[in-house]
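Undergrad: Need a 3D model of the sequence below.
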Amino acid sequence: MPYGPVGDFDLNGKIVLITGGGSGIHLELGKLVLADGAKVLIADQNLTPEAEEFVKANSGTVIFQKCNVAKWAELKNLIKVSEEKFGDVPDVYVAGAGVFEPPWSNFWDDNEDERYACIEINVNHPLKLTRIAMTALLSKNKKGVVAIMASITGYTGTYSAPMYCTTKHALIGFTRSIGDADRLEGVKVVTIAPGIVKTPLWHSRPDIMARYGYSDEIAMPAIDVAKGYMKIIKEGKYPGGTIFETSLAGERTIDSPWFIAPPGYDPNNPVEGTGVPQEALDRSYQPIIDTLKAERGTGMTVL
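TA: Got it, this is the predicted structure:
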């Protein structure tokens, strides 16, 4: 029996977990969800002075937990913190933390020995947070939303920042793939894909601003991206799998497929085409449904 879809999602009385909430877009989002009646758990490495004041001024409804999102134990600990401070697991999980071609992890400098830290932060963290969210929500029989920060570069690209663009492509592919969790499990996974935004990601790195031709005139305010987040989190017209683009040019959803239609499945000639028949999809889904059924309603968030 399907447990979804999530539909319209009122944030009043809900708990919202935001990674990367210590500055920029995700600090603005924290302010908006608080104004909507939610409690806010900010997970970040550090807080800007503005974020420190936000937490201080809203003690009891906004809390900060230091977190390195590349460490899964610290991500899992956020659920424990939410239960201890707010009495329940979060209802909304925003995977906002990310990096843009830092000198310590990028494709061209090639200065890492074992793995790309950028991919740990930009890709593995949102994927793992989504799985943590599903386990936590199902254990309490709650519907919920996972909202992921991608980028317009997730369906374009640039030679000078191939790793960053790759990470955002991955998030869009993941969101597309897990869209059915909305209908089947009542966990809606959506992604926002902004253009250039006025954030510390740019302003803290003058070298990057100069290299990529950044100026405030071509960048949108962080609050506008936060407002886009609010739409895809709260409004049922944005189902699981939605990619929501926002930029100075306006807003739109990026419908799949892009640019060309994929060949369809022809039961009379199955060698041709890449479509998958429904009965094959049903078979492939069943082990997942069984796994999640075992996690549902346990009341225990064993992560």
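Undergrad: Tell me which stretches of the chain form strands.
TA: 15-19, 39-44, 62-66, 92-95, 144-149, 187-194, 197-198, 220-221, 243-247, 250-253 (DSSP state E).
Undergrad: between the second one and strand 15-19, how big is the angle?
TA: By that I understand strand 39-44. 10 degrees (axes from the mean of the first three to the mean of the last three Cα atoms, to 10 degrees).
Undergrad: what distance separates strand 39-44 from the centre of its chain?
TA: In terms of Cα atoms, centre = their mean, to the nearest Å, the centre of strand 39-44 is set 14 Å apart from its chain centre.
Undergrad: cool, and the longest one?
TA: When distances are taken as Cα atoms, centre = their mean, strand 187-194 is centred 6 Å away from the chain's centroid.
Undergrad: among the strands of the chain, which is nearest Ala294?
TA: strand 187-194 (15.6 Å; Cβ to Cβ). Placement of C-beta: from N, CA and C, glycine included.
Undergrad: partners of that closest one in the sheet?
TA: Looking at strand 187-194 with DSSP bridges, its partner strands are strand 144-149 (parallel), strand 243-247 (parallel).
Undergrad: which one of the ones you listed is the most hemmed in?
TA: Counting by mean count of other Cβ atoms under 10 Å, strand 144-149 has the highest mean neighbour count of those, with a mean of 26.
Undergrad: which residues sit against that strand?
TA: 6, 9, 20, 25-26, 90-96, 98, 126, 129-130, 133, 137, 171, 174-175, 186-192, 194, 229, 232-233 (Cβ atoms under 8 Å, 6 or more residues apart in numbering).
Undergrad: Out of the strands of the chain, point me to the one whose mean pLDDT is lowest.
TA: Least confidently modelled of the strands of the chain is strand 197-198, at a mean of 84 by mean pLDDT.
Undergrad: What separation do you get for Tyr164 and Gly144?
TA: According to Cβ to Cβ, to the nearest Å, Tyr164 and Gly144 sit 28 Å apart.
Undergrad: Let me know the pLDDT of the spatially closest residue to Asn68 that is not a sequence neighbour.
TA: Counting by Cβ to Cβ, 6 or more residues apart in numbering, Asn68 lies nearest to Glu74, which is 5.4 Å off, once chain neighbours are set aside. On pLDDT, Glu74 comes in at 99.
Undergrad: Sketch out the low-pLDDT regions of this structure for me.
TA: 1, 202, 209, 213-214, 256-276, 301-302 (pLDDT under 70).
Undergrad: what ranges do the helices span in it?
TA: 24-35, 49-57, 72-86, 117-119, 125-139, 162-177, 181-185, 200-203, 206-212, 222-234, 278-295 (DSSP state H).
Undergrad: Export only the CA atoms of the fifth one, formatted as PDB.
TA: Presented in PDB, the C-alpha positions along helix 125-139 are these (Å, rounded to 0.1, in the frame of the first residue of the first chain):
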ATOM      1  CA  HIS A 125      26.500  13.900   2.000                       C
ATOM      2  CA  PRO A 126      23.100  14.600   0.200                       C
ATOM      3  CA  LEU A 127      22.700  10.900  -0.700                       C
ATOM      4  CA  LYS A 128      23.500   9.700   2.800                       C
ATOM      5  CA  LEU A 129      21.300  12.400   4.400                       C
ATOM      6  CA  THR A 130      18.400  11.300   2.300                       C
ATOM      7  CA  ARG A 131      18.800   7.700   3.400                       C
ATOM      8  CA  ILE A 132      19.100   8.900   7.000                       C
ATOM      9  CA  ALA A 133      15.900  10.900   6.500                       C
ATOM     10  CA  MET A 134      14.000   8.000   5.200                       C
ATOM     11  CA  THR A 135      15.000   5.700   8.100                       C
ATOM     12  CA  ALA A 136      14.100   8.400  10.600                       C
ATOM     13  CA  LEU A 137      10.800   9.300   9.100                       C
ATOM     14  CA  LEU A 138       9.600   5.800   8.500                       C
ATOM     15  CA  SER A 139      10.500   4.800  12.000                       C
END
